[in-house]
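Trainee: sequence? don't have it. structure:
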């Protein structure tokens, strides 16, 4: 990469790390407070609505934000057309969801969901006003401004939600937290972007971007279904408590993986677009970002999987301990989510929205068939694993199926990426395997060394510190370039 683009990328990654890291810390803090106060049923009610809200969010976006990011010379007319289109679509969707609320309540056999969903869904209409201003900030790699906006909104909404919960409003507090966050993001994005819409609306930009954006829309909906299918299935087949345990486990898993994914996605697509059609340069850029992603995600997610029981017990009490064992499995699969995100961001930047769309849809269908088969055909099984007797419930078997498919799908993503930039499977394996093996080995060593420790308050920090130390020492002795480059960048920045 040129020095200018490299510097922008490094700064973007740094601010992305600050933003996503601080965001997850604050989410964790508010999550701990709320989980200690609320029941698994309260979380289950919001979890049942999550997939509907996320699908609505995809509909309001309609894929135009990604289309704007990939548009080489976006104008005010483009932004203005997308803005009014998104607001109009969002209003129509909210009206539809408002009248469909009783049907959602009947589906889950939860009468409370009628009024709760009508209130909760209003948040995505509020969010429609921030889509274009955020797209402008994202396109210009304004990660610092995005960080200020996100963190400020999170603090205000978190305090609001916690206050309501402690006033006895339970799941209404959780719903208000989401609405407040969307309102704050809309206000801050307008202020920080400096962009304002005009009343003159042209449909030409919408028509020009529709072919690309419509595919992104279908893909985003399929993606949301893939990521939240468990909440729907568990809500239908089990009860609110089971949904609550799963959502709690997945929340902490996603906090970890989304921190890394958000940091990478904040710069990946704009950088790939700026590199352009120079295939050799694009391949080098992708490989460096792939190594950086693996360097971060494997130790972070494998380590989180290792300490899940202690983490859950200490932070949100042992009433949530059943979610810790689900979290352990989810975190292993979560380590591969940032890698998949890097792959499909490059594919999108090459204008191949159809490849992205069909891949996500195919993956979703495969996941749905696998977890349904796991529930109806396998049920509960007993296996002997490494000399230990393990009882696998239907939920655990379903999650294992989900994780296996997500990890295996990385090879399919690579097939299409190879067609775009000519990166071989062997070269990708060389970039991924050292970090995967080193992280796994570090976790195993740490587990064996600390297996005799009984005090969970000592075990948690000990396992975190030991895993990190073993991982970095091994990479240093292997002379991993990415570790040395990160240290060099931090040292140079400190000396400026």
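Mentor: Thanks, I have the structure now. As the structure is a prediction and not an experimental result, all values here were calculated from the model.

Trainee: give the contact list for residue 81.
Mentor: Shown in contact with residue 81 (CB atoms under 8 Å, 6 or more residues apart in numbering): 201-206. Where you see a C-beta, it was placed from the backbone N, CA and C, and this is true even at glycine.

Trainee: any chance of those in CSV, plus distance to residue 320 and neighbour count?
Mentor: CSV is the format used below for the contacts of residue 81 (distance: CB to CB, whole Å; neighbours: other CB atoms under 10 Å):
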residue, distance to residue 320, neighbour count
201, 49, 15
202, 52, 12
203, 50, 11
204, 53, 10
205, 48, 22
206, 46, 18
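
Trainee: can you show me the strands along the chain?
Mentor: Secondary structure of the chain (DSSP state E): strands at 381-385, 388-392.

Trainee: which residues does residue 136 contact?
Mentor: Per CB under 8 Å, 6+ apart, neighbours of residue 136: 79, 193, 195.

Trainee: now the second one: how far from residue 135?
Mentor: Noted for residue 193: a distance of 9 Å to residue 135, by CB to CB, to the nearest Å.

Trainee: what about those two, which has more around it?
Mentor: Counted by other CB atoms under 10 Å, residue 193 and residue 135 do not tie: residue 135 has more neighbours, with 25 against 21.

Trainee: might one say that that one is in contact with residue 78?
Mentor: No: with contact defined as CB atoms under 8 Å, residue 135 does not reach residue 78; the gap is 10.0 Å.

Trainee: closest to residue 365 out of the contacts of residue 136?
Mentor: residue 79 (35.0 Å; CB to CB).

Trainee: and the pLDDT at the closest residue to that closest one other than its chain neighbours?
Mentor: Nearest residue to residue 79, sequence neighbours excluded (CB to CB, 6 or more residues apart in numbering): residue 132, at 5.2 Å. At residue 132, the predicted lDDT confidence score is 85.

Trainee: ok, residue 132 to residue 83 distance?
Mentor: Distance from residue 132 to residue 83, counting by CB to CB: 4 Å.

Trainee: neighbour-wise, which of those two wins?
Mentor: Between residue 132 and residue 83, residue 132 has the larger neighbour count (other CB under 10 Å), namely 27 against 22.

Trainee: look at residue 473 and say how many residues are nearby.
Mentor: Counted with other CB under 10 Å, residues neighbouring residue 473 total 12.

Trainee: pLDDT value on the spatially most central residue of the chain, please?
Mentor: The centre of the chain sits closest to residue 258, judged by CA atoms, centre = their mean, with a distance of 3.8 Å. Here, the pLDDT recorded for residue 258 equals 78.

Trainee: just the one 4 residues further on next, same as before
Mentor: Looking at residue 262, its pLDDT is 75.

Trainee: from here on, count from 50
Mentor: Taking 50 as the first residue, the last one we looked at is residue 311.

Trainee: next, count neighbours for it.
Mentor: Look at residue 311: counted by other CB under 10 Å, it has 20 neighbours.

Trainee: now do residue 211
Mentor: That count, for residue 211 with other CB under 10 Å as the rule, works out to 17.

Trainee: my read: it touches residue 79, true?
Mentor: Yes: judged on CB under 8 Å, residue 211 makes contact with residue 79 at a distance of 6.1 Å.

Trainee: common neighbours of these two, please.
Mentor: In contact with both residue 211 and residue 79: no residue, using CB under 8 Å, 6+ apart.
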